[in-house]
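Novice: sequence-free structure coming up:
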């Protein structure tokens, strides 16, 4: 992770840079931060307090925290603590969501003591069309995906609805 430190009403010394670098490197034990990610650190000085703002855009989320203290080094410690708390909360949410979805998934299937799992089989004959037509047919049928032959590549393709909105496309080779 690259760290960009800017000071307002304060000159950023080597000591401040080292402290910020050391403290922010601790976050790597919680999440993987790419070398391309840039942490933007803004340090402001007021007559009685020091303020530090940290923003780290990662591929998972944007981490942002700020802290104020009379001592800049204490403010740095506080802001890193806040960032650690954010990361822990996000990880806990993801783990809960993942566990619940796994539990729901397996609740729909029979246990191993049962002899057979019922699998519904359906055969299709994909037709040649373009992507827009495939999306339209998928929507008309009310399905989450649609298998067709792409009119440009002449290969089987699958268009599907993404949970975050929009569509996805799987092409075969």
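Specialist: Received, thanks. Everything numeric in this text was worked out from a predicted model, so none of it was measured.

Novice: only C-alpha atoms from now on, for both contacts and neighbour counts.
Specialist: OK.

Novice: tell me where the chain has strands.
Specialist: In the chain, the strands defined using DSSP state E lie at 2-8, 38-45, 50-57, 62-69, 128-129, 145-150, 156-161, 167-171.

Novice: format these as TSV; extra columns: distance to residue 90.
Specialist: Converted to TSV, those look like this (distance: least, C-alpha to C-alpha, whole Å):
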stretch	distance to residue 90
strand 2-8	22
strand 38-45	19
strand 50-57	14
strand 62-69	10
strand 128-129	42
strand 145-150	30
strand 156-161	25
strand 167-171	26
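
Novice: who's in contact with the nearest residue to residue 55 once chain neighbours are set aside?
Specialist: Leaving aside its chain neighbours, residue 55 sits nearest to residue 64 (4.4 Å; criterion: C-alpha to C-alpha, 6 or more residues apart in numbering). Neighbouring residues of residue 64 by C-alpha atoms under 8 Å, 6 or more residues apart in numbering: 53-56, 83.

Novice: distance of residue 64 from residue 144?
Specialist: Separation of residue 64 from residue 144 (C-alpha to C-alpha, to the nearest Å) stands at 36 Å.
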